[in-house]
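Engineer: fold the following and give me the result.
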Amino acid sequence: MLWFYIFIFIICCVLLYFSGEWVVGGLTRIARFLGWREFVVAFFVMAFAASLPNLFVGITSAFKGIPQLSFGDVAGNNLVAMTLAVALAVLFAKGGISAESRTIQTTSIFTIAAAILPLVLILDGNLSRIDGSLLIFFFLFYCSWLFSKKERFTKIYNEHKIQIVKEFKVFIKDLGKIILGIILLIVSAQGIVASSQFFAQNFAIPIILIGVLITGLGSALPEIYFAIASARKGETWMILGDLMGAVIIPATLVLGIVALICPIEISDFSPFAIARFFLIIAAVFFLFFVQTGRKITRKEALFLLGIYITFVLVEILTK
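Structural biologist: Residues are numbered from 1 along each chain as shown. Below you'll find the predicted structure:
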């Protein structure tokens, strides 16, 4: 049994690598074919797909009458996206991640608002259907803002330096590779989580460490690896598109749908107290780093990484 899980772990790591390469390459070519900015393509393709596990968890928990699970899942996902994922991407990128675009600057404000809005709406202990409708409206408002001006989502590529994909058949082929790559990203991430849980249990690692360090990271692995793969290829525009989308989509669209199905009631906030505090801290510093200098540097990445490590340590020590 041990060798079986070792084999699964190795295979999933290999799949994670190749699927990440496929998705980054495919999204880059599709962005050129559509004439869209890489940021926008990564936001609506990669981030949407990577948010599917959050959506499935949310809908399932809502129908089972435990939508609180979705709230915790989204909060943990957003914390990882704004700290660990960003930090690793910056450390793999050369010269940090640029955030000079006005679209990215404004989207960073939408991102922080999306991350904090559910925390504000649930202060009364209930995320009602009205609150859910408000969250969905917030998402639709951002989309309408993004596409209201052509310069926010379009980009003119230099034909002398970049080969633009013009054939529709090639576009469909790239789209198919992206879909397959994203599926493999999600499947391989789940395989890594399952095998890691087996290793942890067999080597007597405390259950809290399994939850915080393994299961909690599992749903965010596709975004993390996509960010690293994009950084290695120099496609830094895609990193922020994916990670900002990975915050906005679950916090607004996913939680909104869950609340419409089954309102989320939380009578005791103590289990979420630490995560909520660190989520707000992470959101504030993420916004600060994006807005100041219009670039996330290595020092700032290490600071964000420190926030996540501190969160993990506090969660472990207080259990």
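Engineer: CA only for contacts and neighbour counts going forward, please
Structural biologist: Fine.
Engineer: doesn't residue 252 belong to a strand?
Structural biologist: No - going by DSSP: H, G, I helix; E, B strand; the rest coil, the assignment for residue 252 is helix, not a strand.
Engineer: need the contact list for it.
Structural biologist: By Cα atoms under 8 Å, 6 or more residues apart in numbering, residue 252 lies in contact with 114, 118, 132, 135-136, 138-139.
Engineer: could you do residue 68 as well?
Structural biologist: Residue 68 is in contact with 61, 264-266, counting by Cα under 8 Å, 6+ apart.
Engineer: confidence score at it?
Structural biologist: Note for residue 68: predicted pLDDT of 79.
Engineer: now do the strands in the stretch 201-319 of the chain.
Structural biologist: Secondary structure of the stretch 201-319 of the chain by DSSP state E, counting those that start in this stretch: the strands cover 264-265, 295-296.
Engineer: buried deepest among those, which one?
Structural biologist: Most buried of the strands of the stretch 201-319 of the chain, by mean neighbour count (mean count of other Cα atoms under 10 Å): strand 264-265, with a mean of 22.
Engineer: so which of the contacts of residue 252 is the closest to residue 295?
Structural biologist: Distance to residue 295 across these (Cα to Cα) is lowest for residue 114, with 21.1 Å.
Engineer: so the closest one, which state does it fall into?
Structural biologist: helix.
Engineer: could you pull up the residues touching it?
Structural biologist: Going by Cα under 8 Å, 6+ apart, residue 114 touches 138, 247-248, 251-252.
Engineer: hmm, 10 Å instead?
Structural biologist: Shown in contact with residue 114 (Cα atoms under 10 Å, 6 or more residues apart in numbering): 78, 108, 135, 138-139, 244, 247-253, 283.
Engineer: how about the residues you listed, which pair is most distant?
Structural biologist: Across the contacts of residue 114 (Cα to Cα), the longest gap, 18.5 Å, separates 253 and 283.
Engineer: what is the lengthiest helix in the chain packed up against?
Structural biologist: Looking across the chain with DSSP state H, the single longest helix is helix 168-202. Counting contacts by 3 or more Cα pairs under 10 Å, 6 or more residues apart in numbering; DSSP states H and E, helix 168-202 is packed against helix 2-34, helix 47-50, helix 207-209, helix 216-218, helix 221-233.
Engineer: lowest average pLDDT across these?
Structural biologist: Among those, helix 207-209 scores lowest, at a mean of 45.
Engineer: adding mean pLDDT and distance to residue 277, write the strands of the stretch 201-319 of the chain out as a markdown table.
Structural biologist: Below are those laid out as a markdown table (pLDDT from 0 to 100; distance: least, Cα to Cα, whole Å):
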| stretch | mean pLDDT | distance to residue 277 |
| --- | --- | --- |
| strand 264-265 | 87 | 19 |
| strand 295-296 | 86 | 22 |
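Engineer: now render those strands as TSV, adding distance to residue 236.
Structural biologist: Compiled in TSV, these are given as follows (distance: least, Cα to Cα, whole Å):
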stretch	distance to residue 236
strand 264-265	36
strand 295-296	11
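Engineer: out of those strands, which gets nearest to residue 179?
Structural biologist: strand 295-296 (29.6 Å).
Engineer: for that closest one, which strands pair with it and how are they oriented?
Structural biologist: strand 97-98 (antiparallel) (DSSP bridges).
Engineer: so who does the nearest residue to residue 83 once chain neighbours are set aside touch?
Structural biologist: Nearest-residue entry for residue 83: residue 304, 4.8 Å, with adjacent residues in sequence omitted and distances by Cα to Cα, 6 or more residues apart in numbering. Listed by Cα under 10 Å, 6+ apart, the contact set of residue 304 reads 80, 82-88, 281-282, 285-286, 289, 298, 310.
Engineer: and residue 304, how close does it get to residue 173?
Structural biologist: 38 Å (Cα to Cα, to the nearest Å).
Engineer: now residue 291
Structural biologist: As defined by Cα to Cα, residue 291 lies at a distance of 38 Å from residue 173.
Engineer: between those two, which is the more surrounded one?
Structural biologist: residue 291 (18 against 12; other Cα atoms under 10 Å).
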